[in-house]
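[1] Got a sequence here, can you build the structure:
(chains A, B and C)
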Amino acid sequence: MRARVCSRDMPDERLRDLYERLYATYGPQGWWPSDGRFAMIAGGILTQRTSWRNAEQALHGLETAGLLSIEAMHAATVERIIESIRPAGFYRSKAQVLKGFVAHIVTRYRGALEGLFAQEPGVLRQELLSLRGVGPETADAILVYAAGVPTFVIDGYARRLLSRLGWIDGGEPYEQLRHAFLDVLPKDVELLGEYHALIVRHGKERCRAVPICAGCPLEPDCAWARQGGAR
DNA sequence: AACCAGGAATGTA
DNA sequence: TACATTCATGGT
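    Here you go, the predicted model:
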């Protein structure tokens, strides 16, 4: 089946319905409530290919070490950052990424995140993407949850859900899927952030508990669900 | 005891 | 462009 979600000429009602259904099922997810913007960014980097549980431990490690600020982390050695974030895994590369990020903020914006976030949204996104260790998913997560920019985060859960709904083939480029959501949803940061969080929440249920779409593999009686819901 | 977790960079063909 | 490999800990 072709990816009708991706048409811009034909606004896709299904993506709005899906949000309503997910929200009605799981309620607000309350991602990244009030830890501070830098903590949100650090969390976004630390959680790459890692459970949020482990990323939180790493964040706590940074907090305990007093490294949860741009100035402190900029002054710290990579070794000390590594010690603090070990539970998150990939600690060597992530420590470099964190240090590279704060170095960028310090040199370009004199250590103030406000300078970065004051950029035009499109420029800001490109600038984030230019940083080492910040790919499309992390960039969009930072934009939505820290910068307040209305964009959409596409992750493995979103791809898997849309595939199982039969709305995409699965191999669509990141940008295509991002626009599929953006083009049919209100430019509301809260809604867009909630939507992504709901998709993750639903994905973690491993599609066992709640049928989201009639006839889709999420139905309790479908073959995929009976197999145990793995992969 | 393999498998997965709120990815991205690099290398190869 | 498309696919494989590397990074690495911790829970199930």
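[2] Relative to residue A:143, how far out is residue A:136?
    For residue A:136, the distance to residue A:143 (Cβ to Cβ, to the nearest Å) stands at 10 Å. Glycine gets a C-beta too; all of them are placed from N, C-alpha and C.
[3] Compare neighbour counts for those two and give me the winner.
    Set residue A:136 next to residue A:143 and count neighbours by other Cβ atoms under 10 Å: residue A:143 wins out with 23 against 18.
[4] contacting residues for the nearest residue to that one once chain neighbours are set aside?
    Computed as Cβ to Cβ, 6 or more residues apart in numbering, the closest residue to residue A:143 that is not its neighbour in sequence is residue A:149, at 4.0 Å. Counting by Cβ atoms under 8 Å, 6 or more residues apart in numbering, residue A:149 touches A:121, A:124-125, A:143, A:189.
[5] Just the buried residues out of those residues, in PyMOL syntax.
    The following PyMOL line selects those of the contacts of residue A:149 that are buried, judged by 16 or more other Cβ atoms under 10 Å:
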select buried, chain A and resi 124+125+143+189
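[6] and of the contacts of residue A:149, the nearest to DNA strand C?
    Distance ranking of the contacts of residue A:149 against DNA strand C, using Cβ to the nearest atom of the strand, places residue A:125 first at 18.1 Å.
[7] next one: the helix or strand where the closest one lies to chain centre, how far?
    Assigned by DSSP states H and E, residue A:125 belongs to helix A:121-130. A distance of 16 Å separates the centroid of the chain from that of helix A:121-130, by Cα atoms, centre = their mean, to the nearest Å.
[8] before we move on, what about stretch A:116-134?
    When C-alpha coordinates are averaged (Cα atoms, centre = their mean), stretch A:116-134 and its chain have centres 15 Å apart.
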